[in-house]
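Participant: here is a sequence together with a model predicted from it:
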Amino acid sequence: MTLFPGFTRRRVRTSGATIHLVSGGNGDPVLLLHGYPETHAMWHKVAPELARDYTVVCPDLRGYGDSSKPKGLSDHSNYSKRAMAQDMVEVMRALGHERFHVVGHDRGGRVAHRLARDHGTRVRTLTVLDISPTLKMYRNTTMQFAKAYYHWFFLIQEAPIPERMLKGQAPFYVLKRLGRGKSGLKYFSKEAMAQYVRAFKDPRTIHATCEDYRAAATIDLMHDQKDLARKIRMPLLALWGKQGVIEALFDCLENWREVATDVRGRALACGHFIPEERPEELVRELRRFLR
């Protein structure tokens with residue numbers, strides 16, 4: 001595996017999906033969860049460095065990459081962050097890890113948030129990259145936010161409208177999503193981009209990822225609303241891009257302090273895709289925090 005030298009590839013059957021992953025290294029376990037429209041490959045600049053000191057696990061989330069892509073249920077519950085977090089608990093248990101650190105970017109950060117909510121005794125620390133909590137972001141929707149994150153509102157439309165509109169558009173759509181920042185595609189490796197495009201050529205991936213967003217706008221909000229009075233207690237690190245939407249439209253640290261008791265973090269000099277734009281700086285931040 002040229003992107004993850006020395007790592008092992010596995011497939012783990014959970015109660016709701018089959019999860020594809022790569023893992024490597026030795027030490028305390030760290031689970032890295034990717035965002036949209038990517039796969040585990042987004043960690044290729046970060047995971048090998050962390051693996052010098054930690055056991056690093058990089059899965060494809062349910063519906064993404066080479067993990068299974070079940071058809072969405074009518075209430076979108078099988079793509080709820082609760083279901084996707086349960087996958088990760090079962091994956092880590094299968095690998096022998098009962099307690100672990102969790103780092104999530106974008107959609108993976110939302111799965112990580114729910115994992116910390118539902119399985120707090122298993123999560124040693126929580127790191128979220130370039131997100132504020134989902135409920136907060138929907139409640140603070142403005143014209144500026146809707147224009148910047150138009151895909152949130154496009155992908156949640158009733159099936160099969162977005163699925164049909166995205167069919168056959170994988171290279172154009174994926175590369176436009178990745179390259180939307182001021183740096184364009186400068187920081188993305190060709191090999192990783194090829195993996196993202198390959199995954200999105202599969203109509204099942206398009207449907208599954210729409211279901212991820214549909215769940216975020218429905219059942220996930222219900223779960224988050226019920227948990228507002230109960231704060232996350234493990235240490236939480238929030239990092240975000242100074243050139244991105246979170247910096248411009250949200251108070252990231254304050255937003256996370258509304259749902260967690262022990263929050264620290266800062267903006268990095270980059271856009272949304274921190275693990276690919278600022279991998280060395282991210283690794284330094286994680287080493288300090290995970291210690």
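Facilitator: Yes, it's here. Numbers count the residues shown, from 1 in each chain.
Participant: quick one: mean pLDDT for stretch 37-54?
Facilitator: Stretch 37-54 carries an average pLDDT of 98.
Participant: so which bits of that stretch are buried?
Facilitator: 37-51, 53-54 (16 or more other Cβ atoms under 10 Å). No exception for glycine: its C-beta is placed from N, CA and C like everyone else's.
Participant: which residues touch the spatially most central residue of the chain?
Facilitator: Centroid check for the chain by Cα atoms, centre = their mean gives G108 as the closest residue, at 1.6 Å. Contact analysis of G108 by Cβ atoms under 8 Å, 6 or more residues apart in numbering lists 32-35, 61.
Participant: hmm, who's touching the helix or strand harbouring K147?
Facilitator: Using DSSP states H and E, K147 sits in helix 143-148. With Cβ under 8 Å, 6+ apart as the test, helix 143-148 has contacts from 137, 152-153, 245, 248-249.
Participant: following element in sequence after that helix, please.
Facilitator: As assigned by DSSP H and E, the chain's next helix or strand after helix 143-148 is helix 150-155.
Participant: re earlier: what are the buried residues along the helix holding K147?
Facilitator: 145, 148.
Participant: what's the host helix or strand of R82 packed up against?
Facilitator: Taking DSSP H and E as the criterion, R82 maps to helix 81-94. Other elements packing on helix 81-94 under the criterion 3 or more Cβ pairs under 8 Å, 6 or more residues apart in numbering; DSSP states H and E are strand 8-13, strand 18-24, strand 29-33, strand 55-59, helix 107-118, helix 203-216, helix 219-226.
Participant: if we use 6 Å, what do you get?
Facilitator: Applying 3 or more Cβ pairs under 6 Å, 6 or more residues apart in numbering; DSSP states H and E, one finds that helix 81-94 contacts helix 107-118.
Participant: residue boundaries of the strands in the stretch 151-291 of the chain?
Facilitator: Applying DSSP state E, counting those that start in this stretch to the stretch 151-291 of the chain gives strands spanning 236-241, 263-268.
Participant: tell me how many other residues crowd Y187.
Facilitator: By the measure other Cβ atoms under 10 Å, the count of residues near Y187 is 19.
Participant: and it, what pLDDT?
Facilitator: For Y187, the model assigns a pLDDT of 98.
Participant: once you drop chain neighbours, what's closest to the residue nearest to the centre of the chain?
Facilitator: Nearest-residue entry for G108: L33, 2.9 Å, with adjacent residues in sequence omitted and distances by Cβ to Cβ, 6 or more residues apart in numbering.
Participant: correct me, but that neighbour touches D106?
Facilitator: No: L33 lies out of contact with D106 (Cβ atoms under 6 Å); the separation is 8.9 Å.
Participant: of the two, who's got more company?
Facilitator: Remark: of L33 and D106, L33 carries more neighbours, 30 against 22, as counted by other Cβ under 10 Å.
Participant: before we move on, what SS does G120 have?
Facilitator: coil (DSSP: H, G, I helix; E, B strand; the rest coil).
Participant: nearest to E191, of the contacts of G108?
Facilitator: H34 (15.2 Å; Cβ to Cβ).
Participant: separation between that closest one and L135?
Facilitator: 22 Å (Cβ to Cβ, to the nearest Å).
Participant: that'll do, ta.
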